[in-house]
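> Return a 3D structure for these sequence lines:
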Amino acid sequence: MRISANQLTALRIILLPLPLFLIYGGAASRVTALVILTILGLTDYLDGLLARKYGVTSLGRLLDPIADKIFVAVTLVPLLDLQILPMWIVWPIFFREFLVTEIRRFMTPGSKGLRVTELAKIKTTLQMIGVGLILLTNTFPDKVVTIAFLSGLFLATLFLAVALYSKNGALTSRVKSALFLEILGLFIALILPARQVELAYGLIVLAVTLLSGAQYVLACLPGVMKRGAGAILELVLALFTPLFTLAILPFSAGKAHLLVVLILALEFAAQGIDMWAVQEGKFDLSRYKTRAVAPFLLMVFTAIMVSEAGIVAATTSYLILCSTISILYLAVDVWVHRELFKQGKFFP
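Residues are numbered from 1 along each chain as shown. The predicted structure follows:
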């Protein structure tokens with residue numbers, strides 16, 4: 001029996017927790033994490049090939065972006081927790097990821113939504129490579145490994161560009177973007193100290209991420225605005241849970257980053273299912289979640305803070321409660337929309 005694109009994507013999601021734990025180890029552990037992340041990144045390309053060959057399914061359109069977003073959570077949260085990247089770089093990246101899906105969900109029920117833009121596809125690849133380069137530079141601050149990797153990547157892309165130009169007489173925008181970004185990355189690695197290289201790479205990832213999100217926001221936000229203040233408030237509440245969770249990570253104690261990654265991953269998954277349901281004209285469970293869960297969690301957090309238990313106690317209680325609610329909501333969400341999953345063609 002052949003492996004389907006959906007099965008490969010599901011495997012990527014299942015294996016993503018492995019590098020999360022390895023990133024916190026020494027050099028050998030981090031290199032292992034980078035190898036695993038590279039392999040998982042290649043599966044993103046392979047399941048795309050399988051989908052184009054055997055056909056894209058509605059389940060595939062759900063799983064693939066969820067896998068990409070969980071990849072971001074699993075890699076960026078540790079970089080934030082280890083203070084390799086600052087909050088002002090990481091938080092806006094997650095803001096874009098959650099905002100774009102939410103405003104697309106607000107489109108007319110039954111609509112298939114917007115097509116994924118070319119810049120969004122470049123963004124996904126850049127996030128994967130950018131995180132790897134940041135971790136590589138932090139692990140080997142002499143930058144020799146980073147420069148060697150980028151040089152090899154540039155040469156491989158250059159050979160590919162020459163072959164494509166010889167065959168087609170032109171280059172795709174994706175190949176041009178890859179060449180430009182690789183040259184830029186090499187230039188940065190050669191002239192800046194390691195710490196500044198990490199920040200520069202983070203800024204590039206942030207800039208491309210926000211630019212790709214702006215395309216969707218400009219297309220969809222006017223439709224949300226026309227629906228009035230209630231729709232805007234609902235959008236804000238929908239974003240509150242994951243973004244507030246990330247914001248309080250620096251005030252948390254112990255292994256709080258694991259709960260933060262879990263909550264973000266669960267929220268990405270639930271958000272994807274809810275958008276899928278809306279696009280298929282099915283019941284939108286998320287409207288009840290946004291109107292009840294976000295205010296309840298904020299009330300609990302505020303109550304603990306007012307009781308003078310302290311910020312650490314408040315964040316710990318919030319994260320435990322939030323993760324429990326996120327697990328329960330995702331389980332209910334899958335059960336309510338189980339007919340969609342049955343039609344998803346997980347098996348070829």
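> Excluding chain neighbours, what is closest to residue 11?
Leaving aside its chain neighbours, residue 11 sits nearest to residue 43 (6.9 Å; criterion: CB to CB, 6 or more residues apart in numbering). Yep, even glycine has a C-beta here, placed from its N, CA and C like the rest.
> Buried residues, the helix or strand the one you found falls within. List them.
Per DSSP states H and E: residue 43 is located in helix 27-54. Buried residues in helix 27-54, defined by neighbour count with 16 or more other CB atoms under 10 Å: 30-31, 33-34, 37, 40-41, 43-44, 47-48, 50-51.
> go on, stretch 309-317?
Buried-residue list, stretch 309-317, by 16+ other CB under 10 Å: 314-317.
> Point out where the stretch 1-150 of the chain drops to low pLDDT.
Along the stretch 1-150 of the chain, the parts satisfying pLDDT under 70 run over 1-4, 50-58, 107-117.
> what do you get if the cut-off is 90, keeping everything else the same?
For the stretch 1-150 of the chain, applying pLDDT under 90 flags the ranges 1-18, 20, 37-68, 72, 100-125.
> how about the helices in it?
For the stretch 1-150 of the chain, the helices defined by DSSP state H, counting those that start in this stretch cover 5-15, 17-22, 27-54, 58-81, 87-105, 118-139, 144-168.
> Out of those helices, flag the one nearest residue 288.
Checking the helices of the stretch 1-150 of the chain against residue 288 by CB to CB gives helix 87-105 as the closest, at 13.8 Å.
> Run the chain-centre distance for the closest one.
Between the centre of helix 87-105 and the centre of its chain there are 9 Å (CA atoms, centre = their mean, to the nearest Å).
> which parts of it are buried?
By neighbour count on 16+ other CB under 10 Å, the buried set for helix 87-105 is 89-105.
> Let me know the angle separating that helix from helix 58-81.
Interaxial angle, helix 87-105 versus helix 58-81 (axes from the mean of the first three to the mean of the last three CA atoms, to 10 degrees): 160 degrees.
> how about helix 87-105 as PDB, C-alpha atoms only?
Output in PDB follows, covering the C-alpha atoms of helix 87-105 (Å, rounded to 0.1, in the frame of the first residue of the first chain):
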ATOM      1  CA  MET A  87       9.800  38.500  22.400                       C
ATOM      2  CA  TRP A  88       9.500  41.400  20.000                       C
ATOM      3  CA  ILE A  89      10.600  39.100  17.200                       C
ATOM      4  CA  VAL A  90       8.800  35.900  18.100                       C
ATOM      5  CA  TRP A  91       5.400  37.300  19.300                       C
ATOM      6  CA  PRO A  92       4.600  39.100  16.000                       C
ATOM      7  CA  ILE A  93       5.400  36.000  14.000                       C
ATOM      8  CA  PHE A  94       2.700  34.100  16.000                       C
ATOM      9  CA  PHE A  95       0.400  37.000  15.800                       C
ATOM     10  CA  ARG A  96       0.500  36.800  12.000                       C
ATOM     11  CA  GLU A  97       0.000  33.100  12.000                       C
ATOM     12  CA  PHE A  98      -3.100  33.200  14.200                       C
ATOM     13  CA  LEU A  99      -4.500  36.400  12.700                       C
ATOM     14  CA  VAL A 100      -4.400  35.200   9.100                       C
ATOM     15  CA  THR A 101      -6.300  32.000   9.800                       C
ATOM     16  CA  GLU A 102      -8.900  33.800  12.000                       C
ATOM     17  CA  ILE A 103      -9.700  36.500   9.400                       C
ATOM     18  CA  ARG A 104     -10.000  33.800   6.700                       C
ATOM     19  CA  ARG A 105     -12.400  32.000   9.000                       C
END
